[in-house]
Every structure is written in C-alpha cells, then in structure tokens.
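>>> fold the stuff below for me.
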Amino acid sequence: MDRFIIISGCSGGGKSTLLGELRRRGYSTVEEPGRRIVADELASAGNALPWTDMAAFARRAMALALQDRDDAIRSKGFVFFDRSLIDASVALAHVTGEDALTPLQTMHRYHRLVFLTPPWPEIYTADAERRHGFDAAIDEYHRLSATYPALHYDVMVLPKISVEARADFLLDCLSIEGVAT
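Residues are numbered from 1 along each chain as shown. Got it, this is the predicted structure:
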C-alpha cells in the first residue's frame with residue numbers, strides 16, 4: 001500500500017525516536033511489534049521472547065504485523081511503521097530456514113521506498129527488551145538491507161543526524177517521490 005511507510009534497520013538506530021517525532025507532527029505511526037510482544041511476554045511470564053524462543057517470537061511478530069496492517073487501513077494519509085512484516089519474516093527465515101519471504105514479493109506490500117536506520121554505536125543501548133549486543137544488531141541490519149531490495153523495495157539509508165532533521169529528510173524523500181504528505 002503506497003501510504004504504508006516502513007522504517008526498519010539496525011536495532012538501536014533511532015527508529016522509535018523518529019516515529020515519535022513523526023507522531024508529534026501529526027502522522028499515524030505503528031509501534032514495533034517486537035517491543036510490544038516482549039512487554040506482553042515479560043508481563044505474563046511467556047516464552048515467545050527472542051532470547052528464549054526466537055521462532056515463536058518471529059511468528060508472533062508476523063501475526064501482529066499483519067494485524068497492524070489491517071488496522072492501519074482505517075487511517076488517513078501516511079502510516080509509518082516501526083519495522084514490518086518483512087522484518088519478522090527475515091527473523092523467522094534466519095532462525096528456522098523457512099521461506100517466509102517469497103509470498104511477500106507480491107502480497108502485503110508497503111510503499112516501495114523503505115527507510116533504514118544504519119548501525120549507530122553512539123546511540124545504541126541495550127535494555128530489558130533489547131538484550132542482544134551491537135554485533136547482533138549489525139548482523140540483523142545486513143540481513144534486512146539485503147532482503148528489502150531482493151523483494152523489489154528501494155532502500156534509503158537515513159543519515160545520522162538529529163531526529164528533527166531525520167524526519168525532515170524522510171518527508172522530503174517522500175515528496176520527491178511524488179507522494180503528497
């Protein structure tokens with residue numbers, strides 16, 4: 001869908017902060033499925049956690065990302081997603097070898113321009129919901145930066161600049177694409 005914009009990339013690269021800035025500017029945003037799942041699983045002593053059962057976590061993230069897409073249809077204008085169904089599918093394929101990506105070449109499409117946050121060690125932090133290290137975040141970034149083009153998305157790597165300037169850059173890229181903001 002042309003109004004569904006993915007912001008993906010390196011864990012700890014500033015995606016959630018950028019989504020907060022876009023939300024402050026009045027745009028519809030969708031929080032990262034993974035963080036919501038981890039919070040739910042920790043609260044309920046569940047096992048669908050990336051450090052306990054990554055396959056279950058990824059499957060749950062895929063289901064939640066599909067629900068997020070369905071819910072976003074009712075929104076007007078751009079909807080910015082912190083990660084996507086593709087991110088969850090990449091994670092599942094990585095840990096199980098399952099081909100969760102082939103159907104995404106034609107189904108459940110997003111806007112063709114995807115924004116990636118690059119590895120940024122100066123702002124990366126681990127926390128209760130992000131327990132993996134920076135090296136694992138970089139590996140994930142490389143998988144995502146290879147997969148999006150393979151699925152016929154154009155990738156724009158976001159510059160390492162202030163959140164306000166990043167939001168301006170992203171919105172400028174979309175206006176250049178001929179999509180009204």
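>>> enumerate the positions of stretch 55-62 that are buried.
Residues 56-62 are the ones in stretch 55-62 that count as buried (16 or more other Cβ atoms under 10 Å). C-betas here are computed from N, CA, C, even on glycine.
>>> make JSON lines out of the residues you listed and add distance to Gly26 and secondary structure.
Listed next are these as JSON lines, based on distance: Cβ to Cβ, whole Å; DSSP: H, G, I helix; E, B strand; the rest coil:
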{"residue": "Ala56", "distance to Gly26": "36", "secondary structure": "helix"}
{"residue": "Phe57", "distance to Gly26": "32", "secondary structure": "helix"}
{"residue": "Ala58", "distance to Gly26": "32", "secondary structure": "helix"}
{"residue": "Arg59", "distance to Gly26": "34", "secondary structure": "helix"}
{"residue": "Arg60", "distance to Gly26": "30", "secondary structure": "helix"}
{"residue": "Ala61", "distance to Gly26": "27", "secondary structure": "helix"}
{"residue": "Met62", "distance to Gly26": "29", "secondary structure": "helix"}
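>>> and the helix or strand of the chain with the lowest mean pLDDT, what does it pack against?
Every helix and strand of the chain was ranked by mean pLDDT, DSSP states H and E. The lowest is helix 33-44, at a mean of 87. Counting contacts by 3 or more Cβ pairs under 8 Å, 6 or more residues apart in numbering; DSSP states H and E, helix 33-44 packs against helix 54-72.
>>> between the buried residues of stretch 55-62, which sits nearest Pro118?
Proximity of the buried residues of stretch 55-62 to Pro118 (Cβ to Cβ) peaks at Ala61, which lies at 21.8 Å.
>>> what residues are up against the closest one?
33-34, 37, 83, 87-88, 91 (Cβ atoms under 8 Å, 6 or more residues apart in numbering).
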